[in-house]
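Undergrad: below are the sequence and a predicted model for it; my questions follow.
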Amino acid sequence: MARIIPVDTFDCVVFGATGDLTLRKLLPALYHRFRDGQAPEGSRIIAAARSEMDDSNYRTRAEAALQRHVAKDELDPEQVRRFLACLHYAQVDGAAEKGWEGLLSLLAESPPDRIRVFYLATSPDLYGPICRNLAAHGAITPQSRVVLEKPIGHDLASARAINDEVGSVFAEPQIFRIDHYLGKETVQNLLALRFANTIFERLWNADVIDHVQITVGETVGVEGRGGYYDRSGALRDMVQNHMLQLLCLLAMESPVTFGADSLRDEKLKVLRSLKPMAPHEVEQLTVRGQYIRGAVDGRPVEGYLADLGAEEPSRTETFVALKAELNSRRWANVPFYLRTGKRLPQKVSEIVVQFRALPFTIFPADAGTLQPNALIIRLQPEEGMRLEMMTKEPGPGGLHLRQTGLDISFEKAFGTRYPDAYERLLMDTVRGSTVLFMRRDEVEAAWGWIEPILDAWEAKGDTPRPYSAGSWGPTASIALIERDGRTWHEDLG
Ligand SMILES: NC(=O)C1=CN([C@@H]2O[C@H](COP(=O)(O)OP(=O)(O)OC[C@H]3O[C@@H](n4cnc5c(N)ncnc54)[C@H](OP(=O)(O)O)[C@@H]3O)[C@@H](O)[C@H]2O)C=CC1
Ligand SMILES: O=C1O[C@H](COP(=O)(O)O)[C@@H](O)[C@H](O)[C@H]1O
């Protein structure tokens with residue numbers, strides 16, 4: 001069982017407190033941290049949004065959210081009651097200069113040196129105005145931090161504009177750009193795998209590794225988020241942030257220390273070493289898809305347009321596969337194949353590190369085909385790792401070789417609940433630790449690599465390829481990797 005180190009007493013102001021993210025993710029995460037005693041007595045959550053309501057109305061809504069999104073056996077009525085008592089509501093329009101009295105008077109109830117976390121769970125176009133208004137009303141103290149949800153902007157220019165606006169009010173160490181994948185236990189474990197073990201680091205390069213695959217599959221469609229998603233698409237929603245962060249952790253050099261800037265310097269180098277795609281290469285190196293009607297988990301589901309309620313066709317991709325390469329000695333000619341999509345057959349996030357084939361074998365042909373080794377890192381669900389190896393099949397006959405896996409299930413190894421990513425990240429904001437958050441230059445470098453792809457798609461002006469819900473995306477995504485004589489790892493999960 002991991003140790004729980006209490007943080008200092010804090011006030012966490014959540015803008016967007018009536019929204020999906022707050023109700024589905026942030027309140028359950030905060031409940032767990034309060035329940036486990038990590039949030040000290042006296043800490044408060046101040047829920048802020050434009051809707052008219054009082055503390056009591058908000059607590060009722062929050063309780064319903066907990067009932068829905070926290071496992072029944074983790075809902076202790078006494079703990080729920082204590083948690084709800086820490087919730088307060090302030091009606092405020094973050095974009096308006098006036099009407100901040102309620103929030104300011106709640107904040108004034110705490111000592112001036114109390115840690116203040118301003119969590120912006122609103123649309124990103126409000127980040128600048130909210131920060132400006134907080135500053136204008138003198139709400140930003142030296143102990144304040146601001147948390148920015150993704151996406152930071154829609155493209156490089158809008159990301160820069162947001163970073164400039166927020167940066168004119170908060171210093172960089174006070175700014176927490178969240179990428180919740182970095183809060184996942186198994187994603188943090190990539191750092192342990194690479195830098196707390198001897199065996200892998202020596203093999204972690206183009207001499208031994210043939211290619212890397214990163215798959216993030218989701219079975220859900222766009223759910224209630226069609227308005228946002230249709231302006232975004234899979235490349236902006238998943239690749240620009242989560243998947244490039246995974247790629248960074250896999251590809252980066254060893255940081256000098258486990259400090260925030262050391263780690264982020266190394267991730268930044270990876271982002272800057274991504275080979276830019278020229279417009280004529282985008283067609284070859286990327287595949288876009290959009291789901292149509294099909295079946296997921298044996299249940300018929302509608303296509304994207306029906307989910308959106310759209311009458312017109314949409315050019316937004318719900319699936320993307322791409323081949324990325326890095327300009328570096330370590331990764332010379334080692335492709336990183338990325339794919340992600342909605343309405344795929346499985347909810348699974350997995351990394352495959354495929355080692356090179358043996359250059360020579362002593363075994364006769366009838367011993368069986370030698371499969372190259374592969375390290376399969378399962379990020380979710382069934383978190384764990386498997387190292388695929390060739391072994392001798394037991395038996396007194398001839399020598400037959402078969403691929404078997406050295407398998408570690410983290411659940412079996414640790415027998416503990418995996419905290420949600422937001423639990424860890426919220427506590428890190430209170431602690432002031434930016435290690436697992438993105439620095440401004442990382443976000444902008446990621447946009448810098450993504451933007452030419454978006455531009456080339458836009459210039460071509462075609463629609464994404466259709467794929468049936470419940471399939472692994474358009475067949476062109478299979479061709480993308482098979483053209484190189486490789487294949488997507490299929491035994492997922
Ligand atoms: N939902 C998710 O799973 C994820 C969301 N995100 C990001 O988190 C952010 C929030 O997303 P989500 O919760 O889905 O969005 P929602 O549309 O569900 O919620 C938006 C929230 O913002 C509030 N709001 C809107 N305008 C203002 C304003 N002017 N002043 C104060 N509050 C305002 C709304 O309340 P009211 O109308 O009462 O003011 C509501 O509480 C977005 O940036 C999204 O991209 C990131 C990852 C996952
Ligand atoms: O940020 C986002 O992530 C979720 C997937 O997160 P996971 O933790 O469930 O893997 C995705 O559904 C959503 O579209 C995206 O905005």
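TA: Arrived safely, thanks for sending. Ligands and ions are numbered 1, 2, ... in the order given.

Undergrad: just give me the neighbour total for the residue in the chain that ligand 1 sits nearest to.
TA: At 2.2 Å from ligand 1, residue 19 is the closest residue in the chain, using Cβ to the nearest ligand atom. Quick note: C-beta positions are derived from backbone N, CA and C, even for glycine. When counting by other Cβ atoms under 10 Å, one arrives at 16 neighbours for residue 19.

Undergrad: report the separation between the closest residue to it other than its chain neighbours and residue 94.
TA: Using Cβ to Cβ, 6 or more residues apart in numbering and skipping the chain neighbours, the partner closest in space to residue 19 is residue 121 (5.9 Å). Computed as Cβ to Cβ, to the nearest Å, the residue 121 to residue 94 distance reads 11 Å.

Undergrad: hey, what's in contact with both of these two?
TA: Residues touching both residue 121 and residue 94 by Cβ atoms under 8 Å, 6 or more residues apart in numbering: residue 15.

Undergrad: the residue nearest to residue 19 reaches residue 149, doesn't it?
TA: Yes - assessed by Cβ atoms under 8 Å, residue 121 is found in contact with residue 149 at 5.5 Å.

Undergrad: identify the contacts common to those two.
TA: Contact with both residue 121 and residue 149 is made by residues residue 21, according to Cβ under 8 Å, 6+ apart.

Undergrad: now for the protein, the helix or strand with the poorest mean pLDDT.
TA: When each helix and strand of the chain is scored by mean pLDDT, DSSP states H and E, helix 410-414 comes last, with a mean of 81.

Undergrad: helix or strand right after that one?
TA: Per DSSP states H and E, the first helix or strand lying C-terminal to helix 410-414 is helix 421-431.

Undergrad: tell me the buried residues in that next one?
TA: 421, 422, 423, 424, 425, 426, 427, 428, 429, 430 (16 or more other Cβ atoms under 10 Å).

Undergrad: what do you get for stretch 460-474?
TA: Within stretch 460-474, the residues scored as buried using 16+ other Cβ under 10 Å are 464, 465, 467, 468, 469, 470, 471, 472, 473, 474.

Undergrad: got the residues you listed as CSV, with distance to residue 224, pLDDT and secondary structure columns?
TA: Converted to CSV, those look like this (distance: Cβ to Cβ, whole Å; pLDDT from 0 to 100; DSSP: H, G, I helix; E, B strand; the rest coil):
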residue, distance to residue 224, pLDDT, secondary structure
464, 22, 97, coil
465, 26, 97, strand
467, 22, 98, strand
468, 23, 98, strand
469, 17, 98, coil
470, 21, 97, coil
471, 24, 97, coil
472, 25, 97, coil
473, 23, 97, coil
474, 26, 98, coil
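
Undergrad: low-confidence ranges, the stretch 1-150 of the chain, go.
TA: For the stretch 1-150 of the chain, the stretches with pLDDT under 70 are 1-2.

Undergrad: now the helices for it?
TA: 20-21, 27-35, 55-69, 77-85, 101-108, 127-136 (DSSP state H, counting those that start in this stretch).

Undergrad: CSV for those helices, including distance to residue 203?
TA: CSV is the format used below for these (distance: least, Cβ to Cβ, whole Å):
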stretch, distance to residue 203
helix 20-21, 39
helix 27-35, 36
helix 55-69, 41
helix 77-85, 46
helix 101-108, 53
helix 127-136, 42
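
Undergrad: contacting residues for the nearest residue to residue 166 once chain neighbours are set aside?
TA: Distances taken as Cβ to Cβ, 6+ apart place residue 131 nearest to residue 166, at 5.1 Å, with adjacent residues excluded. The neighbours of residue 131, taking Cβ under 8 Å, 6+ apart as the test, are 146, 165, 166, 168, 169, 170.

Undergrad: the third one: how many residues sit nearby?
TA: When counting by other Cβ under 10 Å, one arrives at 23 neighbours for residue 166.

Undergrad: quick check: it is in a helix.
TA: Yes - per DSSP: H, G, I helix; E, B strand; the rest coil, residue 166 lies within a helix segment.

Undergrad: and the contacts of the top helix by length along the chain?
TA: As assigned by DSSP state H, the longest helix anywhere in the chain is helix 440-460. Helix 440-460 has contacts (Cβ under 8 Å, 6+ apart) with 152-153, 155-156, 159-160, 163, 167, 172, 175, 177, 235-236, 239-241, 244, 248, 264, 267-268, 271-272, 274, 276-279, 282-283, 286, 288, 317, 322.

Undergrad: now these: which count as buried?
TA: Neighbour counting with 16+ other Cβ under 10 Å marks 152-153, 155-156, 159-160, 163, 175, 177, 235-236, 239-241, 244, 248, 264, 267-268, 271, 274, 277, 282, 286, 288, 317, 322 as buried within those.

Undergrad: so which of those residues belong to strands?
TA: In this view, the buried ones among the contacts of helix 440-460 that belong to strands under DSSP state E are 175, 177, 286, 288, 322.

Undergrad: got the end-to-end distance for stretch 101-118?
TA: Across stretch 101-118, the terminal residues are separated by 16 Å (Cα to Cα, to the nearest Å).

Undergrad: which of the residues in it are buried?
TA: Neighbour-count burial for stretch 101-118, counted by 16+ other Cβ under 10 Å, picks out 102, 103, 106, 107, 110, 114, 115, 116, 117, 118.

Undergrad: run through the bridge partners of the nearest residue to the first one once chain neighbours are set aside.
TA: Put plainly, it is residue 102. Distances taken as Cβ to Cβ, 6+ apart put residue 90 closest to residue 102, at 4.4 Å, once the chain neighbours are dropped. As for beta bridges, residue 90 partners with residue 48 under DSSP bridges.

Undergrad: residue 339 too?
TA: On the basis of DSSP bridges, residue 339 is bridged to residue 215, residue 321.

Undergrad: in contact with it, which residues?
TA: 213-217, 319-322, 472-473, 477, 488.

Undergrad: so which residue of the protein comes closest to ligand 2?
TA: Taking Cβ to the nearest ligand atom, the chain has residue 237 as its residue nearest ligand 2, at 4.7 Å.

Undergrad: for that residue, which non-adjacent residue is closest in space?
TA: In space, and not counting its chain neighbours, residue 237 is closest to residue 229: 6.6 Å by Cβ to Cβ, 6+ apart.

Undergrad: report the contact partners of the one you found.
TA: Residue 229 touches 222, 237, 316, 318, counting by Cβ under 8 Å, 6+ apart.

Undergrad: nearest to residue 309, of those residues?
TA: Among the contacts of residue 229, residue 222 lies closest to residue 309 (Cβ to Cβ), at 10.4 Å.

Undergrad: still on that earlier bit, for the residue nearest to residue 19, what are phi and psi?
TA: phi -100, psi 60 (degrees, to the nearest 10).

Undergrad: confirm residue 407 sits in a helix?
TA: No - in this structure, residue 407 is strand, not part of a helix, as judged by three-state DSSP.

Undergrad: just checking, it touches residue 388?
TA: No - Residue 407 is beyond contact range of residue 388, at 9.7 Å (criterion: Cβ under 8 Å).

Undergrad: the more surrounded of those two?
TA: More crowded of residue 407 and residue 388, by other Cβ under 10 Å: residue 388, with 20 against 13.

Undergrad: name the nearest residue to that one, sequence neighbours excluded.
TA: Among residues not flanking residue 388 along the chain, residue 374 sits closest, at 4.4 Å (Cβ to Cβ, 6+ apart).
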